[in-house]
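>>> Whatever this is, show me its structure:
(one chain, ligands or ions: 1)
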Amino acid sequence: MNRILIVSNRLPVMIERRKGSFFYRQSTGGVATGLSSLYKNRESIWTGWPGIASNRLSSEDKAEITEHLENELNCHPVFLSQRDISLYYEGFSNKTVWPLFHYFPQYVVYDRQYWRAYQNVNERFAEKVLDIMREGDLVWIHDYQLMLVPRIIRQAKPEASIGYFHHIPFPSYELFRTLPQRRELLEGLAGADLIGFHTYDYARHFLSSLHRILGYENNLGQFTEADRPVRVDTFPMGIDYDRFANAFHDPNVQKEIKNIKKRVHDYEVILSVDRLDYTKGVPQRLEAYRELLKTHPEFREKIILIMVAVPSRTRVEHYQRLKDQVDEMIGMINGEYGTIGWSPVWYLYRSLPFATLSALYNLADVCLVTPVRDGMNLVAKEYVAAKQDGGMLVLSEMTGASRELGEAIIVNPNNHEEVTDALVQALKMNEHEIIQRNQVMKSRLRRYTVDRWGREFIERLEDMKDRHLEMLTKGLAETSRQTLLLNYRRAAARLILLDYDGTLVPLQHTPEKAKPGENLLRLIRRLATVPGNEVVVISGRDRTILENWFGDLPVGLAAEHGAWIRDGEWMMMEPLSGAWKEEIYSIIERYVDRTPGSFIEEKEFSLAWHYRKTGSELGAIRVRELIDDLIYLTANFNLQILEGDKVVEIKDSGVNKGRVAMHWITKRAWDFILAAGDDRTDEDMFAVVDDRGYTLKVGFGETEARYNLKSQKEVARLLEDLVGGKGGND
Ligand code: ADQ
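Predicted coordinates:
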C-alpha cells in the first residue's frame, strides 16, 4: 500500500522544554485526529514545524528532537527560526493571506520581506518532503501556509502524486485579484493533482480566479496544467463523531459536568467557543447578547453566556486589539447588567482540556457560533455530536459548516437583531423540535466523519494517480510508437485522416487566427507526396477556408464535418438543404447580442455559435439557454446540435466525420490507416476506423481512440517521424 506523506505547517506533536529536557505531547487538533486513522492503517509520515523556534535550540537539541520525532512518532521536523516565524507565519500567512481570504482586506499587510520568507520556507518544506519521498508515495499538503509547495515538488518530481487541502475560505476573484502574488499562489497550487476545499463555493471561487488570472478553463472541476489533468473537488471536513458523542459516558466528563452544574445553578447556558480571532465575530456576538439583555429583561438572572476563547496569534497587532476590545465589552456587559451573585458573561481566556470542553458542550442549552467568516468551523459540529438531549445550535451562514447543518438556526452574524431573535427562538424552542432537528444533523455527522473525509481525499488522489498511469499507458509509448512507424514503413497503401483545429494547430479565439503556418503546410505536403500515401484533412470548417489553406496541396479535404468533400473535385456527400438556416440564424443572433465576445460562423450547411472569448460563467449559462431553445426549434428539422469546445454547431444530422472516414476507407484496401482528432466530432471517425488502424486523440478525457497524445506538438512530431528518416520511405 502506498505511504502517505502529510505536510502541514505544524506537526501533530507539541514540544515543550522544561528544566532542560524536551517533552512531547500529542496535539488534538481536528486535522491531527482526522488523519490518525489513516496514520494507523497505512504507513504515514508527517512533515512540519515542531512549534519551537530553532534559534533557541543548539545543534545537539535539534539532533535530539529530530531523532525522537523520526524514530518514535514518524514525524520529520522543518526547523523555523524566530525570523522565519515572524515573516513567513505571522507575516505572509497571517497578515496577508489570512485576512484577505477571510474578507478583511483592510487588515492586509503587503510586505516584500514577508513574501520572500514565505517562498523560502515553502522551498524548505518541499526539500524536506523530497528528501524522504519514495516512488509510489502520496503527498498530502495542508493549508494556506504552504500553497507553493505542490509546484516545487512537481518540478523536482514530475510523476509525484500530490494532493492539497485548503482549510480556510477561498475568496471571490474580486478580492483575490488584489493580491500582488496571486499568480504565483495559483501556479503553486496547480502543481497538485487534486485540490480540495470544504465547500463548493470555495472551489468555484478558486476555479474562477484560475480562469481569469491564468486563463485555465475547467471542465466539471478539472483543468489541465502542462499536459496534466488537475482535479478540484469538495471534501467537507467532519469530526471524530464517536469521540464527542461518547464523551458523556466518560467518568471524567461526568465529574466535570457535576462540578460545573454546581456553579451554574439553574441558569440556562449559552456557550461560545473559539480561537480568539477577528474572523470569529466575537464582538458582534457580545453585542447581540447585550441587545438581548437590554430588550428582553425577562432573561436577566436566568441565563449566562460562557465564553471560551483560546489565545491565538497574540503577537499580531490586530489580535491584541481584539483581545482588548473583547475584555472591555465583557466588562461593560457585566458591569451594566450583573447583579450580586449573577454575572451575565463568564469568560475563560484559555484552552480547555477535552473533558471540560465536552462537559460544557453537554451542559449548554444553546451554542452560539457566529463567525463573520470561517472555512468550516468544527465547534458547531462538535456541539451537535456531543449534545445528548435538547440543545440548540445558532450558526452563522458565513461558515462552511452551515452548508451541512441547515437544521440549526442560521443567522447573518452582522445582523444583531437577527442574532438576538435567534437566541430568543433557541431559548424558547420546545425540546421535541430541538431533538428532531439535532437527530437529522447527528446522523449526517455520524456518516461523514473526519476519518471518512481523510479516506475520501486519499481515494480521490489515488484515482488521479490511476488516471495518470492509464494516460501513460494510453499515451503512445516508445515501443508502440516504433511499431506504428514500422507498420507504416512496411505498408504500401496508407490512409491518413487528420482533423485540423485542436489536432494540427492549437484552438484559437477566432477561427481565422488558426491559419496553418509554412512548416505545417510543408509537413503535410511531404506526407501527401510519399508514394502510397493518401492524406485527408477532415474539418468542421467551410470549404472556402479549406480551399484557401490547403487548395494547392495534393490532399483530400472534407468541409463542414463532411457535408462537402474534395476527392478530386468538390462534391456533396449527399443532397442537403440549408433552408432552415435563416430561422435558426435569427435565434442565434439574439444570443450574440446578449453575450459579449460571441459570434456566428455561417457555413453552407451549418451554423456555429462560438463563445471562446466570452467569460466562462456567462458562456456556460448562455450555452445551456441556447441549446434549450434550439432543441425545441429544431424538432421539426432533420438537424443535429453538436456541442464542441466553446462552440455549438447546428448541422444536418446525416452529416458526420464517420461517414467521411468511411468514404475514404472503402475506396481501396489499405495496409495502414491512421486517424487523429481532438473533440467529440472526431469520435465518429474513431468509431469507424476502430481496429482497422491507429486512432489518436489529442488531449485527455473519454475517447474511442486507442491512444492519447498530449498536444498538437506530439502530432506534428509523429508526422515528422513518418516522413523523416525513421519512418518515411521518401
Ligand atoms: P480553526 O479556525 O482553528 O480551524 P475550528 O474549525 O472551529 O477553527 O476548530 C477549532 C478546534 O479547536 C475545534 O476542534 C475545537 O474543539 C478546538 N477548540 C476551540 N476552542 C477551544 C478551547 N478553548 N479549548 C480547547 N479546544 C478548543 C481552521 C479553519 C476552520 C476549519 C478548520 C478545519 O479556520 O474554518 O474548520 O481549520 O479545517
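
>>> for the helix or strand where R243 lies, packing partners?
Under the criterion DSSP states H and E, the helix or strand holding R243 is helix 241-245. When contacts are defined as 3 or more CB pairs under 8 Å, 6 or more residues apart in numbering; DSSP states H and E, helix 241-245 packs onto helix 378-386, helix 431-447. Quick note: C-beta positions are derived from backbone N, CA and C, even for glycine.

>>> Can you give me the pLDDT of P180?
As predicted, P180 sits at a pLDDT of 97.

>>> Equivalent analysis for G677, please.
G677 carries a pLDDT score of 95 in this model.

>>> now the closest residue to it other than its chain neighbours: how far from H561?
Ranked by CB to CB, 6 or more residues apart in numbering and with sequence neighbours excluded, the top spatial neighbour of G677 is D499, at 3.8 Å. D499 is 10 Å from H561, where distance means CB to CB, to the nearest Å.

>>> Comparing these two, which residue is more hemmed in?
Neighbour count, other CB atoms under 10 Å: between D499 and H561, H561 has more, with 30 against 25.

>>> buried residues in the helix or strand where K128 lies?
Take DSSP H and E as the rule and K128 turns out to sit in helix 112-132. Buried positions in helix 112-132, judged by neighbour count with 16 or more other CB atoms under 10 Å: Y114, W115, A117, Y118, Q119, V121, N122, R124, F125, A126, K128, V129.

>>> Report the distance from that helix to the chain centre.
In terms of CA atoms, centre = their mean, to the nearest Å, the centre of helix 112-132 is set 22 Å apart from its chain centre.

>>> and it, what does it pack onto?
Other elements packing on helix 112-132 under the criterion 3+ CB pairs under 8 Å, 6+ apart are strand 4-10, strand 44-49, helix 82-84, helix 149-156.

>>> Those into a markdown table, with extra columns for mean neighbour count and mean pLDDT?
As requested, the helices and strands packed on helix 112-132 are exported to a markdown table (neighbours: other CB atoms under 10 Å; pLDDT from 0 to 100):
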| stretch | mean neighbour count | mean pLDDT |
| --- | --- | --- |
| strand 4-10 | 23 | 94 |
| strand 44-49 | 22 | 93 |
| helix 82-84 | 16 | 97 |
| helix 149-156 | 21 | 98 |
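
>>> Between these, which one is closest to G375.
strand 4-10 (14.4 Å; CB to CB).

>>> The helix or strand following the closest one vs strand 44-49, what angle?
Helices and strands here follow DSSP H and E; after strand 4-10, the next one along the chain is strand 13-18. Relative orientation of strand 13-18 and strand 44-49, computed by axes from the mean of the first three to the mean of the last three CA atoms, to 10 degrees: 50 degrees.

>>> related to what we said a few turns ago, quick one: check the helix holding R243 for contact with the ligand.
No. Contact between helix 241-245 and the ligand is absent, the nearest approach being 8.8 Å (criterion: CB under 6 Å from any ligand atom).

>>> Name the residues that touch that helix?
For helix 241-245, contacts defined as CB atoms under 8 Å, 6 or more residues apart in numbering pick out T33, S358, Y361, E382, A385, A386, K442, L445, R446, T449.

>>> Run through those and flag the ones next to the ligand.
E382.

>>> picking that back up, from F605, how far off is the residue nearest to G677?
When distances are taken as CB to CB, D499 and F605 turn out to be 18 Å apart.

>>> so what sits against both of D499 and H561?
Joint contacts of D499 and H561 (CB under 8 Å, 6+ apart) are I538, S539, K657, T681.

>>> Same list, those, but as TSV with neighbour count please.
Shown next, in TSV, are these (neighbours: other CB atoms under 10 Å):
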residue	neighbour count
I538	27
S539	27
K657	26
T681	21
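
>>> now these as TSV including pLDDT, secondary structure and distance to the ligand?
Putting the shared contacts of D499 and H561 into TSV (pLDDT from 0 to 100; DSSP: H, G, I helix; E, B strand; the rest coil; distance: CB to the nearest ligand atom, whole Å) gives the following:
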residue	pLDDT	secondary structure	distance to the ligand
I538	96	strand	51
S539	94	coil	50
K657	93	helix	49
T681	87	helix	44
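
>>> what about the closest residue to the ligand within the stretch 101-250 of the chain, how many neighbours?
Proximity to the ligand, evaluated over the stretch 101-250 of the chain using CB to the nearest ligand atom, is greatest for H167 at 3.5 Å. By other CB under 10 Å, the residues close to H167 number 18.

>>> Doesn't it belong to a strand?
No. Assignment of H167 by DSSP: H, G, I helix; E, B strand; the rest coil gives coil, placing it outside any strand.

>>> Go through whichever strand or helix holds W453 and flag the buried ones.
Secondary structure from DSSP H and E places W453 in helix 450-474. Applying a neighbour-count criterion of 16+ other CB under 10 Å, the buried positions in helix 450-474 are 450-454, 457-458, 460-462, 464-465, 467-468, 471, 474.

>>> Can you check what angle separates that helix from helix 378-386?
Using the same axes, to 10 degrees, the direction of helix 450-474 lies 120 degrees away from that of helix 378-386.

>>> gap between helix 450-474 and the chain center?
Helix 450-474 has its average C-alpha position 14 Å from the chain's average C-alpha position, going by CA atoms, centre = their mean.

>>> anything in that helix near the ligand?
No. Contact between helix 450-474 and the ligand is absent, the nearest approach being 9.1 Å (criterion: CB under 6 Å from any ligand atom).

>>> how many neighbours does L626 have?
If you count neighbours by other CB under 10 Å, L626 ends up with 23.

>>> now it, nearest residue through space, not along the chain?
Nearest residue to L626 in three dimensions, chain neighbours excluded: Y591, at 5.1 Å (CB to CB, 6+ apart).

>>> Over to H76?
Closest residue in space to H76, ignoring its immediate chain neighbours: T47 at 4.7 Å, by CB to CB, 6+ apart.

>>> quick one: the one you found and F125 touch, right?
Yes. T47 is within contact range of F125, at 6.6 Å (criterion: CB atoms under 8 Å).

>>> Pull up the overlap in contacts between these two.
Residues touching both T47 and F125 (CB under 8 Å, 6+ apart): V7, V78.

>>> Would you map out the domains in this structure?
4-234, 243-447, 477-574+655-730, 576-653 (automatic domain parsing).

>>> Show the end-to-end separation of stretch 334-344, please.
Here the two ends of stretch 334-344 are set 6 Å apart, with distance taken as CA to CA, to the nearest Å.

>>> And the contacts of it?
If you take CB under 8 Å, 6+ apart as the criterion, stretch 334-344 is touched by Y267, Y289, R290, L293, R300, E301, I303, I304, L305, I333, V345.

>>> So which of these belong to helices?
Residues from the contacts of stretch 334-344 lying in helices, with DSSP state H as the criterion: Y289, R290, L293, I333.

>>> Apart from its neighbours in sequence, what residue is nearest V660?
V660 sits nearest to G562 (CB to CB, 6+ apart), 3.7 Å away.

>>> swap in K697?
Spatially, and ignoring its direct neighbours in sequence, K697 is nearest to A705 (3.8 Å; CB to CB, 6+ apart).

>>> Which secondary structure state is assigned to that neighbour?
Assigned with three-state DSSP, A705 falls in the coil class.

>>> quick one: the helices in the stretch 51-200 of the chain?
59-73, 82-84, 98-101, 112-132, 149-156, 173-176, 182-189, 200-214 (DSSP state H, counting those that start in this stretch).

>>> What is the least confident helix or strand in the chain?
Lowest on mean pLDDT, DSSP states H and E among the helices and strands of the chain sits helix 30-41, with a mean of 68.

>>> Name the spans of the chain whose pLDDT lies under the cut-off.
Low-confidence segments of the chain, defined by pLDDT under 70: 28-31, 33-34, 36-37, 39, 509, 511, 701, 725-730.

>>> okay, which residue is most central for it?
The C-alpha lying nearest the average C-alpha coordinate of the chain belongs to V232 (CA atoms, centre = their mean; 2.8 Å).
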